[in-house]
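Undergrad: how does the following fold in three dimensions:
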Amino acid sequence: MGDVLRDRALRLLAGREHTRQEISRKLAPLAESAEQLQGLLDELTDRGWLADERYVAARYASRAARYGDARVAYELRARGVSDELVGDALAAGESEMTRARRIWQRRFGSQAAAPGDAAELSRQIRFLAARGFSADTIRRLLRTPIEDE
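TA: Model (predicted):
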């Protein structure tokens, strides 16, 4: 059974990076015992085939181009990444304001909402908020106070 478990783990890791928690969850039904699974995970980590740090770098690179810090951090934590690794990734990456501006410009061009157009302003705020950008970043980007925070 150990070889089947190892083969399955290697196939999963060949497809993409995984966190230790993801691999553990996927392999748990195949493992004969928790000790066997933990031993395999330790072996994969020792050999450098399983690394949460590499997963964070890959996931951050792919998701930060489209989403804000809150959304990226939530997705990483949901996959078992430690708060320390999440914080390191966010600190090392491009600023949230720069990413928000690029995403906003791609979606709306360089046209800010007209001063009296509350509907358009609300649409732009919802767009950015749904992508996980902070209220402070949205406010600074759109240069307007956001009500009801």
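Undergrad: residues touching the residue lying farthest from the centre of the chain, list them.
TA: No residue in the chain sits farther from the centre than residue 116, which is 35.7 Å out by CA atoms, centre = their mean. Residues counted as contacts of residue 116 (CB atoms under 8 Å, 6 or more residues apart in numbering): none. Every C-beta, even on glycine, is put in place using the N, C-alpha and C of the backbone.
Undergrad: so, low pLDDT: which residues of this structure?
TA: 1-2, 144-149 (pLDDT under 70).
Undergrad: look up phi and psi at the residue nearest to the spatial centre of the chain.
TA: The residue lying closest to the centre of the chain (CA atoms, centre = their mean) is residue 72, at 3.1 Å. With angles defined as degrees, to the nearest 10, residue 72 sits at phi -60, psi -40.
Undergrad: excluding sequence neighbours, find me the nearest residue to residue 52.
TA: residue 19 (5.2 Å; CB to CB, 6 or more residues apart in numbering).
Undergrad: what of residue 90?
TA: residue 69 (5.3 Å).
Undergrad: hmm, the one you found is touching residue 95, no?
TA: No. Here residue 69 does not reach residue 95: they are 9.4 Å apart, not a contact under CB atoms under 8 Å.
Undergrad: and those two? Which one has more around it.
TA: Using other CB atoms under 10 Å as the criterion, residue 69 and residue 95 rank with residue 69 on top: 20 against 11.
Undergrad: so who does the more buried one touch?
TA: 90, 96, 132, 133, 134.
Undergrad: with residue 27 instead?
TA: 5, 8, 9, 12, 37, 40.
Undergrad: with these in mind, which one is nearest to residue 54?
TA: residue 12 (14.0 Å; CB to CB).
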